[in-house]
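**Q** Everything below, folded, please.
(one chain, ligands or ions: 1)
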Amino acid sequence: MSSFKPLVFSGVQPTGNLHLGNYLGAIRKFVALQESHDCIYCVVDLHSITAQLVHDDLPGQTRAITAAFLASGIDPKKHIVFNQSRVSQHAELAWIFNCVARIGWMNRMTQFKDKAGKDRENASLGLLAYPSLMAADILVYRATHVPVGDDQKQHLELTRDIAAKFNNDFSQKIGELGLGVEMQAGDETVNGYFPLTEPLIDGPATRVMSLRDGTKKMSKSDPSDLSRINLTDDADAISKKIKKAKTDPEPLPSELGGLKDRPEAENLVGIYAALSETSREQVIAEFGGRQFSVFKPALAELAVEKLAPVAAEMRRISADRAYVDAVLRDGGERASAIAERTMKDVRDIIGLLDD
Ligand code: TYM
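**A** Coordinates of the predicted model:
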């Protein structure tokens, strides 16, 4: 009995500037996973039109995220980098998942509630169905592992629910066609066509918070640019934003527990730990008892050292549009080949004639 081949998939939306949260929570993990896994990394342009259909420069944003992937160290030859809309099987599987998932499941998504705001009736249908497209992104490759920040956890639980319901609804047909794969679901061994994907959410920076308010997530949509460090910021901007970051008047605690109820301090310690590839404990061991007037310049120096080269490389790669486009085209072709194999099986399982 075979089991699923480990495969990593993740996606980033081409909306607004990439920031430190995207970098530490996701992209840096994408880079590390290349050593141990086959990886597929996607610029999810179809997701970006769910909240807002018309964008000033969607092609430019898509290329900028691609350049960020490459500048961070993703290897598009050994792995796959492409933009979602090029591989139409994502949208095709999403439609099928719209018929698997229940409206109640979608209505419970906190991201939908946040993004739709008070006037839910006026949100696009795409915004409601967003997690179904996300499940399709992952499952069209039958990916087993998905590195993301903490804010995507609920969407990945839903992805597992969709996979489990599909496997269950079609279990007989999957068996008849010999397409079942054995997998572990908790203590049980089950058989199904889609894997129950594992989220990879770990380390000290799964939820990087705003530099202006430690209780709010660092986000592309925050109106204050001082709230986030953009991957395109130069050394001066990075230093300025860290020096202006909100803090409390106390020195850093000498025990980790002392960060409780100090969200800004906790956030900066987490950022330092992630950038220096250590743990919060180690940062506290080094800086416990020190004032922010000592810690902030150390953090600014570290952030500049780690991020400025990525920004410079991003600028260099972005200047070569033909290269970026060639990466996306090649990645799209290789992704399509895998996705089409899945869709052929799915059409057979459901009973959609396609030959
Ligand atoms: P997006 O584009 O909002 O964010 C990209 C990645 O960055 C992470 N992230 C953060 N991590 C830590 N701290 C933060 N403040 C922070 N802000 C963002 C996100 O968790 C994400 O990993 N729905 C996804 C895109 C997507 C996707 C997928 C991801 C579409 N299909 C399939 C994985 C698999 C999103 O909007 O991410």
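
**Q** Show the contacting residues for the residue positioned nearest the centre of the chain.
**A** Residue closest to the average C-alpha location in the chain (Cα atoms, centre = their mean): residue 148, at 4.1 Å. Counting by Cβ atoms under 8 Å, 6 or more residues apart in numbering, residue 148 touches 10, 25-26, 156, 199-201. In short, each C-beta sits where N, CA and C put it, glycine included.

**Q** among these, which are in strands?
**A** 10, 199-200 (DSSP state E).

**Q** Turn those into a markdown table, including distance to residue 91, neighbour count and pLDDT.
**A** Below are those laid out as a markdown table (distance: Cβ to Cβ, whole Å; neighbours: other Cβ atoms under 10 Å; pLDDT from 0 to 100):
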| residue | distance to residue 91 | neighbour count | pLDDT |
| --- | --- | --- | --- |
| 10 | 18 | 23 | 98 |
| 199 | 23 | 17 | 98 |
| 200 | 25 | 20 | 98 |
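
**Q** what subset of these is also close to the ligand?
**A** By Cβ under 6 Å from any ligand atom, the members of those lying near the ligand are residue 10.

**Q** Touching, residue 50 and residue 132? I think so.
**A** No. In this structure, residue 50 is not within contact of residue 132 by Cβ atoms under 8 Å, at 10.9 Å.

**Q** Neighbour count for the two, which is higher?
**A** residue 132 (24 against 20; other Cβ atoms under 10 Å).

**Q** Next one, pLDDT for the more buried one please.
**A** On pLDDT, residue 132 comes in at 98.

**Q** Against residue 232, how distant is it?
**A** Relative to residue 232, residue 132 is positioned 32 Å away (Cβ to Cβ, to the nearest Å).

**Q** The residue in the stretch 101-250 of the chain that the ligand sits nearest to and residue 211: what is the separation?
**A** Distance from the ligand to each residue of the stretch 101-250 of the chain (Cβ to the nearest ligand atom) is smallest for residue 149, at 2.3 Å. Residue 149 is 16 Å from residue 211, where distance means Cβ to Cβ.

**Q** which of the two has more neighbours?
**A** residue 211 (25 against 19).

**Q** Pretty sure that one sits in a helix.
**A** No. Residue 211: not assigned to a helix; according to DSSP: H, G, I helix; E, B strand; the rest coil it is coil.

**Q** wait, isn't it in contact with residue 226?
**A** Yes. Between residue 211 and residue 226 there is a contact under Cβ under 8 Å: 6.4 Å.
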